[in-house]
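Enquirer: okay, structure incoming, though there's no sequence with it:
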């Protein structure tokens, strides 16, 4: 493996005093909440929702529903290249890490890394490369090699000492289901993940995450109204504890209730054959302020940022490194 790419990991708490760093993608779920006049109330209410949901999932030996507290940290991964200055590092991805405190014993228990997944290069791929290709080639699919660089960088990161020294297990990324797909309920059920759904089609997002070495399964957790998409490496139910899985569900279902209330805060439960829709009106809003239109607009701006500051200046090295990594 080429030595041209190195990684550094840092983290900061995500709590009611959190303020986004200058190099944080503003489209990131947690960064969007921490802006404007409602920022502190947003953060406080979000964290309360996460704690309440976690306790509802980990309900055994928890009669008052307040035994556990979930703490979140924002994990930032920066990438260094040999042809760049020693102090020039590019923000590659951001994820969330959960740690659970058992208030009864005082023990702090490691949760899950991953959860949310934020990537400048993914913004570049989906907001710059793909639209430009479809404009020039109407009716076509993604261009050849779409997502290869991002996938190779992510796989290399998981194998790197920086990751293995910091985390014991691969990440699990939890996303919303797609409003363009139909999901079918199965008879398979898990005590924490809930009822499994299946999707017979392979979406563009599935293909993109496959290049990152991740497969997807869809589960609707207990008391939820819609399935979540869990992108993972290995065996999702067997490789992670109930507590780890619950920490991801509590965190990401909360974010989805805020950002996709039409799906995840709907007033009816997903049907046996379920097509999510952002046009449904039978849903409830949280008391958390969020600007969805701004988030979509900024994805393009940040894709262009990646193109200008990372992709174009280092195009030759990145192409050479990615070809070597793929081989």
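Expert: The structure has been received and is ready for your questions. These numbers were taken from a predicted model, which means no experiment stands behind them.

Enquirer: how confident was the prediction at residue 301?
Expert: Residue 301 carries a pLDDT value of 83.

Enquirer: ok but it is inside a strand, no?
Expert: No - read with DSSP: H, G, I helix; E, B strand; the rest coil, residue 301 is helix and lies in no strand.

Enquirer: list the buried residues in stretch 227-234.
Expert: 227-233 (16 or more other CB atoms under 10 Å). In short, each C-beta sits where N, CA and C put it, glycine included.

Enquirer: for stretch 306-319, that is, sorry about that
Expert: So, applying 16+ other CB under 10 Å, buried residues of stretch 306-319: 306-307, 310-311, 313-314, 317-318.

Enquirer: and for stretch 107-127?
Expert: 110-127.

Enquirer: could you do stretch 266-280 as well?
Expert: Here stretch 266-280 shows 266, 270, 274, 276 as buried, counting by 16+ other CB under 10 Å.

Enquirer: check which helix or strand the nearest residue to residue 94 once chain neighbours are set aside maps to.
Expert: Residue nearest to residue 94 in three dimensions, not counting chain neighbours: residue 118, with 4.1 Å by CB to CB, 6 or more residues apart in numbering. Residue 118 belongs to strand 108-119 when assigned by DSSP states H and E.

Enquirer: quick check: what element follows that strand along the chain?
Expert: helix 120-124.

Enquirer: check which element follows that next one along the chain.
Expert: helix 130-136.

Enquirer: other SSEs contacting whichever helix or strand comes after that following helix?
Expert: Per DSSP H and E, the first helix or strand lying C-terminal to helix 130-136 is helix 148-159. Helix 148-159 sits against strand 5-14, strand 90-102, helix 120-124, helix 204-210, helix 315-326, with contacts defined as 3 or more CB pairs under 8 Å, 6 or more residues apart in numbering; DSSP states H and E.

Enquirer: buried ones in helix 148-159?
Expert: 148-157.

Enquirer: quick check: chain neighbours aside, which residue is closest to residue 53?
Expert: That would be residue 250: by CB to CB, 6+ apart, it lies 4.0 Å from residue 53.

Enquirer: residues near that neighbour, how many?
Expert: 26 (other CB atoms under 10 Å).

Enquirer: secondary structure element holding it?
Expert: Residue 250 belongs to helix 242-259, assigned by DSSP H and E.

Enquirer: now do residue 54
Expert: helix 39-57.

Enquirer: average model confidence for that helix?
Expert: Per-residue scores along helix 39-57 average to 92.

Enquirer: tell me how far stretch 144-159 is from the chain's mean position?
Expert: In terms of CA atoms, centre = their mean, to the nearest Å, the centre of stretch 144-159 is found 16 Å from the chain centre.

Enquirer: ok, the residue nearest to residue 53 to residue 238 distance?
Expert: For residue 250, the distance to residue 238 equals 20 Å [CB to CB, to the nearest Å].

Enquirer: circling back to that earlier point, and the buried residues of stretch 266-280, which two are the farthest apart?
Expert: Using CB to CB, those reach their maximum pairwise distance at 266 and 274, which is 10.6 Å.

Enquirer: what touches both of the two?
Expert: Contact criterion CB atoms under 8 Å, 6 or more residues apart in numbering; residues bridging residue 266 and residue 274 by contacting each: residue 226.

Enquirer: among the buried residues of stretch 227-234, which lie within helices?
Expert: Among the buried residues of stretch 227-234, no residue falls in helices (DSSP state H).

Enquirer: state the next helix or strand along the chain beyond the helix holding residue 54.
Expert: strand 68-81.

Enquirer: that next one: how far from the chain's middle?
Expert: With CA atoms, centre = their mean, you get 12 Å for strand 68-81.

Enquirer: residue 184 is in what secondary structure piece?
Expert: Residue 184 belongs to strand 183-190, assigned by DSSP H and E.

Enquirer: now for that strand, which elements pack on it?
Expert: Looks like strand 183-190 contacts strand 194-198, strand 215-220, strand 273-274 (3+ CB pairs under 8 Å, 6+ apart).

Enquirer: CSV for those, including mean pLDDT and distance to residue 139?
Expert: Compiled in CSV, the helices and strands packed on strand 183-190 are given as follows (pLDDT from 0 to 100; distance: least, CB to CB, whole Å):
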stretch, mean pLDDT, distance to residue 139
strand 194-198, 98, 28
strand 215-220, 98, 26
strand 273-274, 98, 28
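
Enquirer: can I get those in CSV with distance to residue 14?
Expert: Output for those, formatted as CSV (distance: least, CB to CB, whole Å):
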stretch, distance to residue 14
strand 194-198, 25
strand 215-220, 24
strand 273-274, 31
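
Enquirer: what does stretch 137-145 rub up against?
Expert: Contacts for stretch 137-145 (CB under 8 Å, 6+ apart): 129-130, 133-134, 204, 207.
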